[in-house]
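1. Let me see the structure of the following:
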Amino acid sequence: MFATYFVGSSTKDDRPAAWVKAEPVDQQLLLRRNPERFFVPPYVGVKGWVAVRLDAPAPNWDEIRDLLWDAWRLSVTKPSGPSDHPDPVI
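-> The predicted structure is shown next:
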């Protein structure tokens, strides 16, 4: 799993949010850059996951797409040789 969507008790303020897998350093950078939009989700936050609120005025969908893409890349099995699969066109 590389991402999930939550609304309700798991987001601590009942706002819709996407939780995405991230490197711990990326989590910290996002939190410092925009603490109103990003937060550490319960349970998985200790492993570097970051949550992005989706109800903020004018969500940056390009940024959200990039976060999801990075999360997916962290979740796939690393190939032992050169990549046989090019990056998909999004």
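2. Specify the next element, helix or strand, located C-terminal of the host helix or strand of A18.
-> Taking DSSP states H and E as the definition, A18 sits inside strand 17-20. Under the assignment DSSP H and E, the closest C-terminal helix or strand after strand 17-20 is helix 24-33.
3. counting contacts, what elements does that next one pack onto?
-> strand 38-39, strand 50-53 (3 or more Cβ pairs under 8 Å, 6 or more residues apart in numbering; DSSP states H and E). Heads up, the C-betas are built off the backbone N, CA and C, glycines and all.
4. so the following helix or strand past the longest one versus helix 24-33, what angle?
-> It stands for strand 50-53. Per DSSP H and E, strand 50-53 leads on to helix 61-75 as the next helix or strand towards the C-terminus. With axes from the mean of the first three to the mean of the last three Cα atoms, to 10 degrees defining the directions, helix 61-75 sits at 160 degrees from helix 24-33.
5. before we move on, back to that, of the helices and strands packed on helix 24-33, flag the one that's most buried.
-> The highest mean neighbour count among these, using mean count of other Cβ atoms under 10 Å, belongs to strand 50-53: a mean of 23.
6. Let me know the average pLDDT across that strand.
-> For strand 50-53, mean pLDDT is 93.
7. Other residues contacting that strand?
-> Residues outside strand 50-53 that contact it (Cβ atoms under 8 Å, 6 or more residues apart in numbering): 6, 11, 15-20, 22, 26-27, 30-31, 36-41, 45, 59, 63-64, 67.
8. Each with direction, which strands does it pair with?
-> strand 17-20 (antiparallel), strand 38-39 (antiparallel) (DSSP bridges).
9. quick one: low-confidence parts of the chain?
-> 9-12, 77-90 (pLDDT under 70).
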